[in-house]
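S.K.: Structure for the following, please:
(one chain, ligands or ions: 2)
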Amino acid sequence: MNAEIIAIGSELLTPYRQDTNSLYLTEKLNQLGVEVIFKTIVGDCHERLTQVATLALSRADIIIFMGGLGPTEDDLTRECVAEALQLEIHRDPQIIIALEERFASRGWKMAANNLKQADVISGATVLPNPNGTAPGQWITGKYDEKERIVLLLPGPPFELKALFDQQCFERLRAKVPRQFIATRVLKITGMGESQVDARVAPIYTRCTDIDTTILAGAGEVQLHLKSRSSSLEAAQQAVDELVVRLEEELGDLVFSDNGDSLEQIVGYYLQMRGATLAAAESCTGGLFSERITSVSGSSRYFLGGAIVYSNELKAALADVPASMIERHGAVSPEVARALAEGIRYRCEATLGVGITGIAGPNGGTPEKPVGLVFHALASSTGTDVVERKWPGDRQRVRRFATQQALNMVRRQLL
Ligand code: AMP
Ligand code: MG
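M.R.: Ligands and ions are numbered 1, 2, ... in the order given. Model prediction:
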């Protein structure tokens, strides 16, 4: 079975609010083996909402509407869905009583427009809302000869979650043929999206029963694998087998196959080796340290370091000779090396990281363009410096730089 999720609310079409409910519902539906095939966002407009509802009824088995169940003029979901289903609406006296009681228990008088929340599409099962006034509705029936399940849920996330978990999840399970979805995510760094795809596509295209999506971010490629089966074990086994083959092909370019972030993986390795880390950051302004310390327990291996934006602090906090900066410039392999070695020495760490570069958008020159970053890693066996010219805006360049530095630490500890 498949589903379409429809988020209703004009605020969701502005830059200020996001539809987060559909992410929650998608996870729950996937647990039931239901695939989400469409997600739609529509504003509080009678004509467009009815149009979207009619289209969804023609193409999905389960249609979940959320939002627009409030008491105000712009809450149109009930009437528009009824119109699309060609069903009547009636006002349910039981709901009116429940609403009145809810208001009375707080010492409030119910306003007349709240009565609208007692409107029920004929044949619907009313789903009490434990956290709000708008009850949900569950409608099953034939639409154009095809069986459909239609759900109306409130928009506020804490109401939607409670109502879905308590009243819809098991009801849906009883209706949905037993199917399981297993997913795995492989995370790769040190290689671009098209190169990764060229290496792995010949493997996954032979597995026609597994959906593969490749996603690229700054310095990280993710392979999302999804398999469906009538048993969870079989679905899991299918993705696990593909993971093994992909890992064989990609080797240690894969840093995670269970959802862990690069900073978490680096943390595991540092702990396993009993090693410590310190960092002197210029162009990343602390982002490397932020990522390392975003992992709980990082105090066991991350000692600290310094943000050395000015030349004076590069000298004062990481022992970079002023003459070196004068001769080679602050953005140079020499300074990156000195930062890594200096901070390692100062902090008495097993490993020292130094990052210096031009994040942009200003400050680039023909010799040293925006995006040029030097990443250094100092250890007891010497210091590696990697030069890269990262693409993108300031944020992306900084993200790329931290990803590269983290990966250098990971590879050092492999
Ligand atoms: P409504 O049920 O349309 O009155 O929505 C009430 C509030 O719930 C809105 O102002 C939003 O803040 C929130 N909301 C509605 N739909 C969503 C959604 N799809 N994802 C996250 N929040 C939502
Ligand atoms: Mg609304």
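
S.K.: What residue in the stretch 301-414 of the chain comes nearest to ligand 1?
M.R.: In the stretch 301-414 of the chain, the residue that lies nearest ligand 1 is Gln395 (25.1 Å; Cβ to the nearest ligand atom). Using the backbone N, CA and C atoms, a C-beta is placed for each residue, glycine as well.

S.K.: Quick one: mean pLDDT for the host helix or strand of that residue?
M.R.: Taking DSSP states H and E as the definition, one finds Gln395 inside helix 394-413. The pLDDT scores in helix 394-413 average 97.

S.K.: repeat for stretch 330-343
M.R.: Averaging pLDDT along stretch 330-343 yields 98.

S.K.: so what's whichever residue of the chain sits closest to ligand 1 up against?
M.R.: With Cβ to the nearest ligand atom, the shortest gap between the chain and ligand 1 falls at Gly155, namely 2.7 Å. Taking Cβ atoms under 8 Å, 6 or more residues apart in numbering as the criterion, Gly155 is in contact with 7-9, 21, 66-70.

S.K.: Report how many residues lie close to the closest residue in space to Thr77 that isn't next to it in sequence.
M.R.: The shortest distance from Thr77 to any non-neighbouring residue, by Cβ to Cβ, 6 or more residues apart in numbering, is to Gly68 (3.6 Å). Using other Cβ atoms under 10 Å, Gly68 is surrounded by 27 other residues.

S.K.: What of Ser122?
M.R.: By other Cβ under 10 Å, the residues close to Ser122 number 11.

S.K.: Same question for Pro369.
M.R.: Other residues close to Pro369 by other Cβ under 10 Å number 12.

S.K.: wait, isn't it in contact with Trp390?
M.R.: No: Pro369 is not in contact with Trp390 according to Cβ atoms under 8 Å; the separation is 10.3 Å.

S.K.: Get me the contact residues on this protein for ligand 2.
M.R.: Listed as neighbours of ligand 2 in the chain under the rule Cβ under 5 Å from the ion: 9, 67.

S.K.: Would you tell me which residues of the chain are close to ligand 1?
M.R.: 7, 9, 11-12, 17, 19-21, 66-70, 154-157 (Cβ under 6 Å from any ligand atom).

S.K.: are any of those residues buried, and which?
M.R.: 7, 9, 12, 19, 21, 66-70, 154-156 (16 or more other Cβ atoms under 10 Å).

S.K.: Start and end of stretch 343-362, how far apart?
M.R.: Start and end residues of stretch 343-362 are separated by 27 Å (Cα to Cα, to the nearest Å).

S.K.: Give me the distance from it to the chain's centre.
M.R.: Counting by Cα atoms, centre = their mean, to the nearest Å, stretch 343-362 is centred 29 Å from the centre of its parent chain.

S.K.: How about stretch 335-343?
M.R.: So, by Cα atoms, centre = their mean, the centroid of stretch 335-343 is 35 Å from its chain's centroid.

S.K.: can you check stretch 267-274 too?
M.R.: That offset, for stretch 267-274, works out to 26 Å (Cα atoms, centre = their mean).

S.K.: name the element Lys142 belongs to?
M.R.: strand 136-143.

S.K.: Mind telling me which residue of the stretch 101-250 of the chain is nearest ligand 2?
M.R.: Gly155 (5.5 Å; Cβ to the ion).

S.K.: what secondary structure does that residue sit in?
M.R.: coil (DSSP: H, G, I helix; E, B strand; the rest coil).

S.K.: secondary structure class for the closest residue to Gln179 other than its chain neighbours?
M.R.: Computed as Cβ to Cβ, 6+ apart, the closest residue to Gln179 that is not its neighbour in sequence is Gly33, at 3.1 Å. Under three-state DSSP, Gly33 falls in the coil class.

S.K.: Distance check, Gly33 against Gln237.
M.R.: 16 Å (Cβ to Cβ, to the nearest Å).

S.K.: Between those two, point out the one with more neighbours.
M.R.: Gly33 (19 against 14).

S.K.: just curious, which of the contacts of Gly155 is nearest to ligand 2?
M.R.: Nearest member of the contacts of Gly155 to ligand 2, counting by Cβ to the ion, is Gly9, at 3.9 Å.

S.K.: That closest one touches Gly68, doesn't it?
M.R.: Yes: with contact defined as Cβ under 8 Å, Gly9 counts as touching Gly68 (6.5 Å).

S.K.: what residues do those two have in common as contacts?
M.R.: By Cβ under 8 Å, 6+ apart, the residues touching both Gly9 and Gly68 are 44, 155.

S.K.: any chance you could map the strands in the stretch 201-350 of the chain?
M.R.: Taking DSSP state E, counting those that start in this stretch as the criterion, the stretch 201-350 of the chain carries its strands at 210-217, 220-229, 254-256, 277-281, 302-307.

S.K.: quick one: the helices in the stretch 201-350 of the chain?
M.R.: Applying DSSP state H, counting those that start in this stretch to the stretch 201-350 of the chain gives helices spanning 232-250, 262-273, 287-293, 311-318, 322-328, 333-347.

S.K.: any chance of these in JSON lines, plus distance to Ala216?
M.R.: Shown next, in JSON lines, are the helices of the stretch 201-350 of the chain (distance: least, Cβ to Cβ, whole Å):
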{"stretch": "helix 232-250", "distance to Ala216": "15"}
{"stretch": "helix 262-273", "distance to Ala216": "15"}
{"stretch": "helix 287-293", "distance to Ala216": "19"}
{"stretch": "helix 311-318", "distance to Ala216": "33"}
{"stretch": "helix 322-328", "distance to Ala216": "33"}
{"stretch": "helix 333-347", "distance to Ala216": "26"}
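
S.K.: Could you identify which of these is most buried?
M.R.: Highest mean neighbour count of the helices of the stretch 201-350 of the chain: helix 333-347, a mean of 24 (counted as mean count of other Cβ atoms under 10 Å).

S.K.: tell me the angle it makes with strand 277-281.
M.R.: Note on geometry: by axes from the mean of the first three to the mean of the last three Cα atoms, to 10 degrees, helix 333-347 and strand 277-281 are set 140 degrees apart in direction.

S.K.: After helix 333-347, which helix or strand is next?
M.R.: Past helix 333-347, the next helix or strand by DSSP H and E is strand 351-357.
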